[in-house]
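Participant: Sequence plus the predicted model coming up.
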Amino acid sequence: MTEEQTKLFTNKIITVEQIAPEAFILAMPRLHDFVPGQVVGLTLDETDPPRLYSIASGAREDEMRILFNIIPQGSLTKKLSKLKKGDRIYVTEPFGSFYGKADPAFWIATGTGIAPYLSMYRSGLEKNKVLIHGSRSLDSFYFQKELKEKFGDHYIRCCTRESDRDVFKGRITEYLRQQRNLPTDYKYYLCGGSEMVVEVRDILVDKGIPFGNIVAEIYF
Ligand SMILES: Cc1cc2nc3c(=O)[nH]c(=O)nc-3n(C[C@H](O)[C@H](O)[C@H](O)COP(=O)(O)OP(=O)(O)OC[C@H]3O[C@@H](n4cnc5c(N)ncnc54)[C@H](O)[C@@H]3O)c2cc1C
């Protein structure tokens, strides 16, 4: 770990808001500049190693927001969900190289893996982008109303357990397998669990996407 990944800065919670059955948005003042797509480390105790979270807010906003899920067997996320205004939290400087850029791209995520793309679009990078989000339930397409308005037909939801009009029924991998003529000159950003990232990468390579156009951020 480099110094920027471990040096802790004291910050104060502004809000922690539940936005779906298992998902929360934590807001705190932004202490540092960052590139959309980067992460910060968070911990509540200086002796506990920080866990990493993608920044979900725009690069010019005064607040820095994090989208997180409660991991039932985890140690930090349950505590994060109970924080109140004014509570202390330790945060590292932003780091990482999963950078949002202006080039045409597919932004592909499962679950809270949508967080870096929220930051990218809130930083004005949504032009020429196709956002594909996979989730088990319809209520886990975080910010779907806003994203639908922003991306229109370029916002695709893939849901495995529930159905709805305009929502692809099945996994993100099934959706991508069915696509013909995926542009080979676009970048493909993948963010989420390692299984999804590896499977999607293999599908894209099979479909002729150059390996160098695939950029991945693995959460666990
Ligand atoms: C680069 C990066 C960015 C990340 N960004 C985010 C983000 O924006 N939002 C977010 O919610 N999480 C994100 N994570 C995951 C996060 O760092 C923690 O792993 C997660 O919040 C669990 O923390 P915990 O202390 O509650 O659980 P821990 O005590 O760390 O873990 C307990 C157990 O749960 C497993 N586990 C950890 N994370 C997950 C998960 N997401 N799903 C299923 N099992 C898991 C671990 O393997 C372990 O066995 C990111 C991880 C990385 C590496």
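Facilitator: In hand now; what should we look at? Numbers count the residues shown, from 1 in each chain.
Participant: For the chain, which segments are assigned as strands?
Facilitator: 9-12, 15-20, 23-29, 39-43, 51-54, 63-69, 88-91, 105-110, 129-135, 155-159, 167-169, 187-192, 214-218 (DSSP state E).
Participant: Who are the packing partners of the second one?
Facilitator: What that stands for is strand 15-20. Other helices and strands packing on strand 15-20, by 3 or more C-beta pairs under 8 Å, 6 or more residues apart in numbering; DSSP states H and E, are strand 23-29, helix 77-81. Where C-beta positions appear, they are placed from N, C-alpha and C, glycine not excepted.
Participant: quick one: contacts of that strand?
Facilitator: 24-27, 67, 80-85, 139-140, 142-143 (C-beta atoms under 8 Å, 6 or more residues apart in numbering).
Participant: buried sites along stretch 46-65?
Facilitator: 50-59, 64-65 (16 or more other C-beta atoms under 10 Å).
Participant: His154 contacts Lys127, doesn't it?
Facilitator: No. Contact criterion C-beta atoms under 8 Å: His154 and Lys127 do not qualify, at 10.1 Å.
Participant: if you count what's nearby, which of those two comes out ahead?
Facilitator: Set His154 next to Lys127 and count neighbours by other C-beta atoms under 10 Å: His154 wins out with 15 against 9.
Participant: what sits against the more buried one?
Facilitator: Contact analysis of His154 by C-beta under 8 Å, 6+ apart lists 129-131.
Participant: possible to save the residues you listed as a markdown table with neighbour count?
Facilitator: Shown next, in a markdown table, are the contacts of His154 (neighbours: other C-beta atoms under 10 Å):
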| residue | neighbour count |
| --- | --- |
| Lys129 | 23 |
| Val130 | 18 |
| Leu131 | 23 |
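Participant: Just give me the closest of these to the ligand.
Facilitator: Nearest to the ligand, judged by C-beta to the nearest ligand atom, of the contacts of His154 is Leu131 at 15.8 Å.
Participant: May I have the beta-bridge partners of that closest one?
Facilitator: The partner list for Leu131 in beta bridges (DSSP bridges) reads Trp107, Tyr155.
Participant: pretty sure it contacts Leu147?
Facilitator: Yes. With contact defined as C-beta under 8 Å, Leu131 and Leu147 form a contacting pair (6.5 Å).
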